[in-house]
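Participant: structure here, sequence nowhere to be found:
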Ligand SMILES: O=P(O)(O)OC[C@H]1O[C@H](OP(=O)(O)OP(=O)(O)O)[C@H](O)[C@@H]1O
Ligand SMILES: Nc1ncnc2[nH]cnc12
């Protein structure tokens, strides 16, 4: 049977994800999305699938919230397609003015995430986006920041999900939409 349009987009995206064993430390298999950024058709396929998902399941979204750093590659493109604003969750110490922060752990370390206090208003409906879900520590921290500001979380989007690390469980009850799973 012929591949659906969606299947062929996913097949294209898969071709442009590389793996590097033992980076950034021994035992980690690093999934590298950089080739997607070098291939316009693959990047378009990512954005098409994200846009379709949000339009179909989260049409009332007010803001796309992207995670430092690789969430910034996809978030603004999606926000522009949807005609909504984009907000940055940054690593601590990068944002001027009053901020809210939260500490977290991820697959290979610890960090602190931060937003500007006025970036999200109580009641705003947000969709979070990052390149990859591993343990879920990073997206969980970003959700905590959204809750601190009284935002309503509609769901999370990632290009790659690492099933064995159960990030999806950690993020419950928030829904995770991933394009490629390993
Ligand atoms: O689900 P987790 O276990 O939290 O891991 C996922 C996070 O790890 C990576 O970012 P990283 O912190 O390496 O930062 P970078 O995007 O600045 O490289 C990735 O881009 C996610 O944000
Ligand atoms: N295995 C992995 N590959 C790429 N980014 C990651 N972030 C956390 N774990 C990762």
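Facilitator: Sure, I can see it. Keep in mind the model is a prediction, meaning the values are calculated, not measured. Residues are numbered from 1 along each chain as shown. Ligands and ions are numbered 1, 2, ... in the order given.

Participant: report pLDDT for residue 1.
Facilitator: Residue 1 is assigned a pLDDT of 66 by the prediction.

Participant: so the closest residue to residue 148 other than its chain neighbours: helix, strand or coil?
Facilitator: In space, not counting the residues next to it along the chain, residue 148 is nearest to residue 100; the distance is 5.2 Å by C-beta to C-beta, 6 or more residues apart in numbering. C-beta coordinates here come from the backbone N, C-alpha and C atoms, glycine included. Secondary structure of residue 100, reduced to three states by DSSP: H, G, I helix; E, B strand; the rest coil: strand.

Participant: ok, residue 100 to ligand 1 distance?
Facilitator: As judged by C-beta to the nearest ligand atom, to the nearest Å, residue 100 and ligand 1 stand 18 Å apart.

Participant: please tell me I have it right and residue 176 contacts residue 169.
Facilitator: No. The criterion here is C-beta atoms under 8 Å, and residue 176 misses it with residue 169 at 9.7 Å.

Participant: higher neighbour count, these two?
Facilitator: Between residue 176 and residue 169, counted using other C-beta atoms under 10 Å, the more crowded position is residue 176 (19 against 9).

Participant: so what's the more buried one up against?
Facilitator: Taking C-beta atoms under 8 Å, 6 or more residues apart in numbering, we find residue 176 in contact with 133, 139, 155-158, 161, 167-168.

Participant: again, only using 7 Å
Facilitator: Neighbour list for residue 176: 133, 156, 158, 161, 168 [criterion: C-beta atoms under 7 Å, 6 or more residues apart in numbering].

Participant: list phi and psi for it.
Facilitator: For residue 176, the backbone dihedrals (degrees, to the nearest 10) come out as phi -120, psi 130.

Participant: and residue 43, how far is that from ligand 1?
Facilitator: The gap separating residue 43 from ligand 1 is 16 Å, by C-beta to the nearest ligand atom.

Participant: fine, thanks again, bye for now.
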